[in-house]
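Student: Here you go, sequence then predicted model.
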Amino acid sequence: GTVVLEGSNDGTNYVTLTDPQGNALSKTAAGIEAIQEITRYIRPRVTAGDGTTDIDVTMLVVRRGN
């Protein structure tokens with residue numbers, strides 16, 4: 001399967017987030033990435049897989065300021 005990290009500021013309209021080099025955050029294997037954009041909502045979304053796809057996503061999110 002493939003997991004894409006998406007972000008939104010309204011919780012309805014999501015776009016694919018990017019790393020600091022401008023590459024879309026789309027993973028097919030284990031990895032560690034930084035996220036360039038600051039959005040109110042972040043979600044992982046499986047874009048390729050079937051009913052047996054089993055993917056674990058772990059994120060560390062730090063809130064700064066108010």
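Tutor: Thanks, I have it. Residues are numbered from 1 along each chain as shown.
Student: Helix or strand with the lowest mean pLDDT in the protein?
Tutor: The weakest-scoring helix or strand in the chain, judged by mean pLDDT, DSSP states H and E, is strand 41-48 (a mean of 92).
Student: what comes up buried for that strand?
Tutor: Buried residues in strand 41-48, counted by 16 or more other CB atoms under 10 Å: residue 42. C-betas here are computed from N, CA, C, even on glycine.
Student: What is it packed up against?
Tutor: strand 2-8 (3 or more CB pairs under 8 Å, 6 or more residues apart in numbering; DSSP states H and E).
Student: try it again with 10 Å
Tutor: strand 2-8, strand 26-27 (3 or more CB pairs under 10 Å, 6 or more residues apart in numbering; DSSP states H and E).
Student: Redo those as JSON lines? Include distance to residue 44.
Tutor: Below are the helices and strands packed on strand 41-48 laid out as JSON lines (distance: least, CB to CB, whole Å):
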{"stretch": "strand 2-8", "distance to residue 44": "5"}
{"stretch": "strand 26-27", "distance to residue 44": "9"}
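Student: ranking the ones you listed by burial, who's on top?
Tutor: strand 2-8 (a mean of 18; mean count of other CB atoms under 10 Å).
Student: Within the sheet, what are the partner strands of that one, with directions?
Tutor: Take DSSP bridges as the rule and strand 2-8 pairs in its sheet with strand 15-16 (antiparallel), strand 26-27 (antiparallel), strand 41-48 (antiparallel).
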